[in-house]
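> Please work out how this folds:
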Amino acid sequence: MKSKAFVQFFFAVMLAGALALPVQLAAQGNPQYKLIDLGTFGGPNSFPSPAGPGVPILNNAGTVAGWADTTTPDPTCFGNDGLCLLTHAFRWDNGILTDLGALPGVNSSAAVAINARGWILGASENGLTDPATGGPEVHAVLWKGDQITDLGTLGANFVLPQTLNNVGQAVGGTPNTIPDPFSLIGAPTQTRAFLWQNGVMQDLGTLGGPDAFAFSLNEHGQVAGMSYANATPNDTTGIPTLEPFLWDHGKMISLGTLGGTIGSPGAEGAIMINNRGQIIGTSNLSGDQFTHAFVWENGVMTDLGTLGGHNSYPLWINDAGKIVGEADTSDVENALGQFPHHAFLWRNGSMRDLGTLGSTSHAEAINARDQVVGRSRLGSEISVLQHAFFWEDGGAMIDLNTLIPSGSSLQLIDAVNINDRGEILVVGLPLGMEPVEGAQLGHLALLIPCNGAEPGCEDNASSAKAAVSTSPALATKTALSTQGRSIPYGTLAARRARMAQRYHLPGEITPKD
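This next block holds a predicted model:
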């Protein structure tokens, strides 16, 4: 198989100390930001993590991990924009964009996550062909500075790294060599969760079934993920029971479910563990028709509920236990057969609706100061156009395009990370470029809080008209697919839809936002 895109085979299975803070907010009014376009390596696009939500690619020192197109053709089409250009991982730090390269040869690479020390977890082709798939071999790698280390495999030749901690431990999933009709990543063999440390990749085992995948770990080395509990497919889903797990000091335990047979990131959520050992994820309810966000702590799984509709999905939890994500606001479907949804903040047992910039919204990250970022559709629920937003307690949702200097070259369509200094990593489209449903086109950019007197921070108040598209066609254009929500490439649903032509991919395939 020729890999149409690294991300198409990547996944998202259904299924740090704080530094001195710069000037953040004026005593009155909204924050203002300098905008720094991080650029590319000559090609048209740069990308956030292919690992999906719940993964840090901006640390508290303001260092960014990403990957970008070059101008060199790539026959394996490793990248995420369908242009078949060689991509390389990068580190951006204090104005300097560093090409991190790839494993030896003319190979593509991607950055997946960054830790507080600036170490970057990623993935790289190695120039060989995987005999099991016919596509390129891809290994997990770790960059310490500019030094690249291959993390090895568990026998197969496709490794999907997910995140790392400040000790340098890394987790993810990888096939082994045992045939499996229910592979979590669509491979012909079993998928196993791994923990890499001190040069050794360890298989974390399963909850009793054939497959597991690790999504998150904290500074104590505790790992959160999901695993089949058995090998018997359920009537409602066609796959074995899938449960979230906690792996701690050599032992994997099930977190249970909310009554259904699938506990996972869901179509548009994350499994994530914080340093208090709290774990977020999603679980199907009894009957496997609807999905709710949960938080698990000390043996108790709490249903976060919804905003009035059927489903909810968590995307980030901070160390104080505050959770953000999206939740349906109604059980009445729109014209595309989807439920309306809003960004939420869950804290102290209550889910708060963060509003929208137009119709729907989706929160992606929260920092230690409870500042929230994400994206929101400007027009109707079937509009393609979305804008990045900022929210903090006591205020309304703010379009980040109104808080950057006038004349900025990018239209900000998504905010994917925010650090504890209030710096925000966004995706921006060059002005005039139309958004494409389900695609991550554009450039990564960093927003740095500033005051109006600083260079690069002037005239923000008039920037809204300059930054926001004035084309009615853009604001009302109908989605190019039937999902009605954009599909971040890190979601299982998007990946499964793309890979279904090649492999049997069990379980839910309905994408969410």
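> low-scoring pLDDT stretches of the stretch 1-150 of the chain, where are they?
Counting by pLDDT under 70, the stretch 1-150 of the chain shows low-confidence ranges at 1-29.
> For the helix or strand residue 445 falls within, name the packing helices and strands.
Assigned by DSSP states H and E, residue 445 belongs to strand 443-450. Packing contacts for strand 443-450, counted by 3 or more C-beta pairs under 8 Å, 6 or more residues apart in numbering; DSSP states H and E, involve strand 32-37, strand 46-47, strand 64-73, strand 410-418, strand 424-430. (C-beta placed from N, C-alpha, C; glycine too.)
> Tell me which of the ones you listed is the most buried.
Ranked by average neighbour count under the criterion mean count of other C-beta atoms under 10 Å, these are headed by strand 46-47 at a mean of 28.
> Adjacent strands (with direction) for that one?
Strand pairing for strand 46-47, using DSSP bridges, gives strand 64-73 (antiparallel).
> got the angle between the strand it pairs with and strand 424-430?
30 degrees (axes from the mean of the first three to the mean of the last three C-alpha atoms, to 10 degrees).
> what sits up against strand 64-73?
38-50, 57-58, 79, 81, 83-93, 106, 109-114, 120, 122, 425, 444, 446 (C-beta atoms under 8 Å, 6 or more residues apart in numbering).
> let's see it at 6 Å
40-47, 57-58, 85-87, 89-90, 92, 110-111, 114, 120, 444 (C-beta atoms under 6 Å, 6 or more residues apart in numbering).
> same question, stretch 313-329
Taking C-beta under 6 Å, 6+ apart as the rule, stretch 313-329 contacts 53-54, 266, 268-270, 272, 274-275, 278, 280, 282, 293, 306-312, 339-347, 362-366, 368, 370, 372.
> related to what we said a few turns ago, and the helices and strands packed on strand 443-450 as TSV, adding distance to residue 191?
Shown next, in TSV, are the helices and strands packed on strand 443-450 (distance: least, C-beta to C-beta, whole Å):
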stretch	distance to residue 191
strand 32-37	37
strand 46-47	24
strand 64-73	23
strand 410-418	25
strand 424-430	29
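> next one: the strand holding residue 445 to chain centre, how far?
Computed by C-alpha atoms, centre = their mean, to the nearest Å, the chain-centroid distance of strand 443-450 equals 18 Å.
> Would you list the strands that it pairs with, along with their directions?
Strand 443-450 has these strand partners (DSSP bridges): strand 32-37 (antiparallel), strand 424-430 (antiparallel).
> how about the ones you listed in TSV, adding distance to residue 186?
TSV is the format used below for the strands paired with strand 443-450 (distance: least, C-beta to C-beta, whole Å):
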stretch	distance to residue 186
strand 32-37	35
strand 424-430	26
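> Generate a PyMOL selection restricted to the buried subset of the contacts of stretch 313-329.
Buried residues among the contacts of stretch 313-329 (16 or more other C-beta atoms under 10 Å), as a PyMOL selection:
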select buried, resi 53+54+266+268+269+270+272+274+278+280+282+293+306+307+309+310+311+312+339+340+341+342+343+344+345+346+347+362+363+364+365+366+368+372
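> which one of the strands paired with strand 443-450 lies closest to residue 184?
Closest approach to residue 184 among these is made by strand 424-430 (27.1 Å; C-beta to C-beta).
> What lies in contact with that closest one?
With contact meaning C-beta under 6 Å, 6+ apart, strand 424-430 is reached by 58, 373, 388, 410-418, 442-443, 445-447.
> Run the angle between that strand and strand 410-418 for me.
Using the same axes, to 10 degrees: strand 424-430 against strand 410-418 is 160 degrees.
> so for strand 424-430, what's the average pLDDT?
The pLDDT scores in strand 424-430 average 94.
> Restricting to C-alpha, output it in PDB.
Provided in PDB are the C-alpha atoms of strand 424-430 (Å, rounded to 0.1, in the frame of the first residue of the first chain):
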ATOM      1  CA  ILE A 424      -1.500  30.500  22.100                       C
ATOM      2  CA  LEU A 425      -0.600  28.100  19.200                       C
ATOM      3  CA  VAL A 426      -3.000  28.600  16.300                       C
ATOM      4  CA  VAL A 427      -3.600  27.500  12.800                       C
ATOM      5  CA  GLY A 428      -4.000  30.300  10.300                       C
ATOM      6  CA  LEU A 429      -5.100  30.400   6.600                       C
ATOM      7  CA  PRO A 430      -3.400  33.000   4.400                       C
END
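> Quick one: distance of that strand to the chain centre.
Mean-position distance between strand 424-430 and its chain equals 15 Å (C-alpha atoms, centre = their mean).
> Same check on stretch 285-299?
20 Å.
> try stretch 213-232
Counting by C-alpha atoms, centre = their mean, stretch 213-232 comes out at 17 Å from the chain centroid.
> before we move on, what about stretch 119-126?
16 Å.
> same for the helix or strand hosting residue 192, what does it pack against?
Assessed by DSSP H and E, residue 192 sits inside strand 189-197. Counting contacts by 3 or more C-beta pairs under 6 Å, 6 or more residues apart in numbering; DSSP states H and E, strand 189-197 is packed against strand 170-179, strand 200-203, strand 212-217.
> As TSV, those strands with mean neighbour count and distance to residue 126 would be great.
TSV is the format used below for these (neighbours: other C-beta atoms under 10 Å; distance: least, C-beta to C-beta, whole Å):
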stretch	mean neighbour count	distance to residue 126
strand 170-179	23	14
strand 200-203	15	15
strand 212-217	28	22
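> will you turn these into TSV that also has mean pLDDT and distance to residue 325?
Output for the helices and strands packed on strand 189-197, formatted as TSV (pLDDT from 0 to 100; distance: least, C-beta to C-beta, whole Å):
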stretch	mean pLDDT	distance to residue 325
strand 170-179	95	21
strand 200-203	97	30
strand 212-217	98	15
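> Any chance of TSV for these, columns distance to residue 287?
Converted to TSV, those look like this (distance: least, C-beta to C-beta, whole Å):
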stretch	distance to residue 287
strand 170-179	28
strand 200-203	33
strand 212-217	25
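> Would you tell me which of those gets closest to residue 227?
strand 212-217 (3.6 Å).
> Give me the contact list for that closest one.
Strand 212-217 has contacts (C-beta under 6 Å, 6+ apart) with 13, 162-163, 165, 171, 173, 184, 191-193, 206, 223-227, 271-273.
> at 7 Å instead, please
Strand 212-217 is contacted by residues 13, 54, 162-163, 165, 169, 171-173, 184, 191-195, 204-206, 223-227, 265, 270-273 when judged by C-beta atoms under 7 Å, 6 or more residues apart in numbering.
> can you map out the helices along the chain?
For the chain, the helices defined by DSSP state H occupy 6-10, 463-467, 472-476, 492-499.
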